[in-house]
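**Student:** Using only what follows, build the 3D model:
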Amino acid sequence: MELVSDTSRPPLVYVKGVPLIKYFAETIEPLQSFQARPDDLLISTYPKSGTTWLSEILDMIYQGGDTEKCRRAPIYIRVPFLEFRCPGVPSGLETLKDVPAPRLLKTHLPLALLPQSLLDQQVKMIYVARNPKDVVVSYYNFYKMAQVHPEPGTWDNFLEQFMEGKVSYGSWYQHVQEWWELSRTHPILYLFYEDMKANPKRETQKILEFLGRSLPEKIVDQIVQNTSFKEMKKNPMTNYSTVPTNVMDHSICPFMRKGITGDWKNTFTVAQNERFDADLAEKMVGCELTAHWQL
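**Tutor:** I've put the predicted structure just below:
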């Protein structure tokens, strides 16, 4: 593990046209030789779309609802983040070496940067999409507290950068659409954050069915309870409070901030909302995904 304390908010680095956190960009080449296993499960999302929530639900399922087993390590150790790299913290690939099969994996990568073996091995994947207005508000706050990002600047400036695809991981619009298209030919369960908030038990049952697993209803209820935002926010194994403060500064903003739908209404101005709606309509023309959000 590198003992380097200065993450210094470096500028984003472009890889195949995709802007990435500098340290993450450095992992893309070695990641291409990653060997997936048929029994792996990949969690994929654009950032700030419920990734940690889904990760905890899945680990709870894999551990049969045993909460103590799910406290064996922080979520980023239990569910390695494939492209993660940061000075002073074990990388995703390093973490992966100690994970027993069947493995849960996590990524935010667009398809252009995804290791090919995940597709070749027909690895099952679960994707979560979220209302982009809530995504961008959450992402702005995350940029402020996670020091590996460049300075976010003003909210107005960040919103423009998001719409132009100039934030880390690039275009939200392209990300959600290309994974939606992939779900037609690859074993992918495509979920929506809003559905998970509205009926977490139903969505958890949907996940179990996709995995070909079953659990007693009592255990499913326990999983729903233990993966609620309230429980996860106070759980050091899920709230990222174990990450060094030079990487994530929770005094600026907690990693688990609100976990609600519709929070964008507290941040967007009327003018910003109108501009965003027009931009969204243009970039998502003909795409059935937008029907899932109350914009």
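**Student:** Quick one: low-confidence residue ranges for the stretch 151-295 of the chain.
**Tutor:** 229, 231-260, 290-291, 293-295 (pLDDT under 70).
**Student:** quick one: the helices in it?
**Tutor:** Assigned by DSSP state H, counting those that start in this stretch, the helices in the stretch 151-295 of the chain fall at 155-163, 172-182, 193-198, 200-211, 217-226, 229-233, 270-283.
**Student:** Tell me which of the ones you listed approaches residue 111 most closely.
**Tutor:** Within those, the stretch nearest residue 111 is helix 172-182; the backing value is 5.1 Å (CB to CB). For glycine as for every other residue, the C-beta is placed from the backbone atoms N, C-alpha and C.
**Student:** who's in contact with stretch 274-292?
**Tutor:** Stretch 274-292 is contacted by residues 129, 132-133, 159, 163, 171, 173, 176-177, 180, 192, 194-195, 268, 295 when judged by CB atoms under 8 Å, 6 or more residues apart in numbering.
**Student:** Would you list the buried entries among those?
**Tutor:** Neighbour counting by 16 or more other CB atoms under 10 Å classes 129, 132-133, 159, 163, 171, 173, 176-177, 180, 192, 194, 268 among the contacts of stretch 274-292 as buried.
**Student:** which two from those end up farthest apart in space?
**Tutor:** Greatest spacing in the buried ones among the contacts of stretch 274-292, by CB to CB: 180 and 268 (24.7 Å).
**Student:** do you know how far residue 16 is from residue 80?
**Tutor:** Applying CB to CB, to the nearest Å, the value for residue 16 to residue 80 is 22 Å.
**Student:** and the two? which has more neighbours close in?
**Tutor:** More neighbours surround residue 80 than the other of residue 16 and residue 80, with 22 against 10 (other CB atoms under 10 Å).
**Student:** Wait, that one touches residue 90, no?
**Tutor:** No - Residue 80 is beyond contact range of residue 90, at 9.1 Å (criterion: CB atoms under 8 Å).
**Student:** Report the backbone C-alpha coordinates of stretch 73-92 in CSV.
**Tutor:** What follows is stretch 73-92, C-alpha atoms only, in CSV (Å, rounded to 0.1, in the frame of the first residue of the first chain):
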residue,chain,number,x,y,z
ALA,A,73,-15.2,-5.5,6.6
PRO,A,74,-16.2,-2.2,5.0
ILE,A,75,-18.3,-2.4,1.9
TYR,A,76,-15.5,-1.5,-0.5
ILE,A,77,-13.5,-4.5,0.8
ARG,A,78,-16.5,-6.9,0.6
VAL,A,79,-17.4,-5.6,-2.9
PRO,A,80,-14.2,-4.6,-4.6
PHE,A,81,-14.4,-1.5,-6.8
LEU,A,82,-12.6,-2.7,-10.0
GLU,A,83,-11.1,0.6,-11.2
PHE,A,84,-10.5,2.1,-7.8
ARG,A,85,-7.0,3.4,-7.0
CYS,A,86,-6.0,6.1,-4.6
PRO,A,87,-2.7,6.8,-2.8
GLY,A,88,-2.6,5.2,0.6
VAL,A,89,-5.6,2.9,0.1
PRO,A,90,-5.6,-0.6,-1.4
SER,A,91,-6.7,-0.6,-5.0
GLY,A,92,-9.7,-2.5,-6.3
